[in-house]
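Asks: Everything below, folded, please.
(chains A and B)
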Amino acid sequence: MILSGWESIFFWVFAVATLVAGLLTIMARNAVHSALFLISTLVSVAALFILLGAEFIAGVQILVYVGGVMVLFLFVIMLVNVSAEERGREELFNRPAQVGASVLFLLPLALGFIYAFNQSAPQFRPPGSTPDQSAEELVAHQSARRADQERRLPMAATRTSRLSDDTQRVGASLYRYGGLPFEIASVLLLVAIVGSVMLARTAKQEMAADDSEMAASPETTRAEGSSAI
Amino acid sequence: MTDSIMQTTLLAFQRFDPQNIWEGVQHPDLSKFLVIGALLFVIGVAGVLTRRNIIVIFMSIELILNAANLNFIAFSRYLQDSGNMNAVAGQVFTVFIIVVAAAEAAIGLGIVIALYRNKETIFIDKIDLLKW
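Replies: Next up, the predicted model:
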């Protein structure tokens, strides 16, 4: 896999956007700001998925994460209504000993990482390519092969590109080889639905369902709020 | 011993000439995606370790899961480009990771709601029920 031209510009834009938005997610003082930055991180990662030819996963990422999970997050932030500021007890970067120790540990780690990465860089070339091929040759070779594979696909309505069959391939693979994990995932989702409903009940609702110990003695229900979960 | 360390270090940094770096910028390959995934993972871990707001900790966990997804998709594309267009195991795995992330968020936020109802706080240094 090797990108070129507009693809690489697309890659760098969204890679930097991912990292900056991810950093702002964990640095924002306000939880709502964190959630919004996390949404931009997820959208940038979805753009990288599209760049990698995984259109179906990108769509799922937008629909499930941004459309479902993040809305859930925002609702919970609204419900618990914490004060916007999360003040630490002390500043993070004002202890020279700790900062020095972490830099001391980080330096060999970073050096080793760079070394390992440089040693293994040739292995990241596409299989079947010789090490002395230049990047341009690799790009030409790869785009020729991809064009060959795409020639079988139907033409899109605009006549400028081909329709992707990524979704078909993922679906076929999922149901052919991942049938059991698929069923397990559906059971997991069922457990999650039931569990979150059970967890979020109020004491009154628990009494109404008649499966709580509090329902047995009416006196204890007056002390609502101070009782345990 | 020191000689061999010096030698390998020099060898490692031989690739750091501007020509090489510019070529890497122009033609990002699998390794760049792996670096982005690793950095996203580190950001998520830093969020989990440093934040006190439990909701933001959950968001950092989502960041970590997304870093794993990015690696899976990158390797999937790498295998596809090596010839077999049906090598989509990474994408299938990513679907399962997204399912688990959604379930985890639903359960976790349910726990947060239950905790807030009982303790009136979501800061993890105030939630010390099991400490004595």
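Asks: what's the closest non-adjacent residue to residue B:119?
Replies: Nearest non-adjacent residue to residue B:119, counting by C-beta to C-beta, 6 or more residues apart in numbering or on different chains: residue B:127, 6.1 Å away. For the C-beta atoms, the positions are set from N, CA and C on the backbone; glycine is no exception.
Asks: now that neighbour: how far from residue B:54?
Replies: Noted for residue B:127: a distance of 8 Å to residue B:54, by C-beta to C-beta, to the nearest Å.
Asks: Please list all residues in contact with residue A:182.
Replies: A:174-175 (C-beta atoms under 8 Å, 6 or more residues apart in numbering or on different chains).
Asks: try it again with 7 Å
Replies: residue A:174 (C-beta atoms under 7 Å, 6 or more residues apart in numbering or on different chains).
Asks: Also the one 5 residues further on?
Replies: Residue A:187 makes contact with no residue under the criterion C-beta under 7 Å, 6+ apart.
Asks: Which residues belonging to the strand or helix carrying it are considered buried?
Replies: Residue A:187 belongs to helix A:179-199 when assigned by DSSP states H and E. By 16 or more other C-beta atoms under 10 Å in any protein chain shown, the buried positions in helix A:179-199 come out as A:181, A:185, A:188, A:192, A:196, A:199.
Asks: Make CSV out of those residues and add pLDDT.
Replies: Converted to CSV, the buried residues of helix A:179-199 look like this (pLDDT from 0 to 100):
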residue, pLDDT
A:181, 93
A:185, 94
A:188, 95
A:192, 93
A:196, 89
A:199, 85
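Asks: Give the other helices and strands that the longest helix seen in chain B contacts.
Replies: For chain B, the longest helix by residue count, based on DSSP state H, is helix B:89-119. Where contact means 3 or more C-beta pairs under 7 Å, 6 or more residues apart in numbering or on different chains; DSSP states H and E, helix B:89-119 is packed against helix A:55-60, helix A:70-80, helix A:166-177, helix A:179-199, helix B:54-81.
Asks: Give the other helices and strands that the last one contacts.
Replies: Using 3+ C-beta pairs under 7 Å, 6+ apart as the contact criterion, the elements in contact with helix B:54-81 are helix A:6-27, helix A:31-51, helix A:70-80, helix B:30-50, helix B:89-119.
Asks: same thing but at 10 Å, please
Replies: helix A:6-27, helix A:31-51, helix A:55-60, helix A:70-80, helix A:135-150, helix A:166-177, helix B:30-50, helix B:89-119 (3 or more C-beta pairs under 10 Å, 6 or more residues apart in numbering or on different chains; DSSP states H and E).
Asks: ok, of the ones you listed, where does mean pLDDT dip lowest?
Replies: Lowest mean pLDDT of the helices and strands packed on helix B:54-81: helix A:135-150, a mean of 78.
Asks: which helices and strands sit right next to that helix?
Replies: Right, helix A:135-150 is packed against helix B:18-26, helix B:54-81 by 3+ C-beta pairs under 10 Å, 6+ apart.
Asks: Could you say which of these is packed most deeply?
Replies: Ranked by mean neighbour count, the helices and strands packed on helix A:135-150 are led by helix B:54-81 with a mean of 23 (mean count of other C-beta atoms under 10 Å in any protein chain shown).
Asks: Nearest to residue B:114, out of the helices and strands packed on helix B:89-119?
Replies: helix A:179-199 (5.0 Å; C-beta to C-beta).
Asks: that older thread, what angle do the helix holding residue A:187 and helix A:70-80 make?
Replies: 20 degrees (axes from the mean of the first three to the mean of the last three C-alpha atoms, to 10 degrees).
Asks: just checking, what packs against the helix or strand just after helix A:179-199?
Replies: Counting by DSSP H and E, the next helix or strand C-terminal to helix A:179-199 is helix A:203-208. Judged by 3+ C-beta pairs under 10 Å, 6+ apart, helix A:203-208 is in contact with helix A:179-199, helix A:218-222.
Asks: Please point out which parts of helix A:203-208 sit buried.
Replies: For helix A:203-208, burial by neighbour count (16+ other C-beta under 10 Å) applies to A:203, A:206-207.
Asks: still on that earlier bit, find residues that contact each of residue B:127 and residue B:54.
Replies: B:112, B:115-116, B:121 (C-beta atoms under 10 Å, 6 or more residues apart in numbering or on different chains).
Asks: Serialize these to JSON lines and add fields for neighbour count.
Replies: Below are the shared contacts of residue B:127 and residue B:54 laid out as JSON lines (neighbours: other C-beta atoms under 10 Å in any protein chain shown):
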{"residue": "B:112", "neighbour count": "23"}
{"residue": "B:115", "neighbour count": "20"}
{"residue": "B:116", "neighbour count": "18"}
{"residue": "B:121", "neighbour count": "15"}
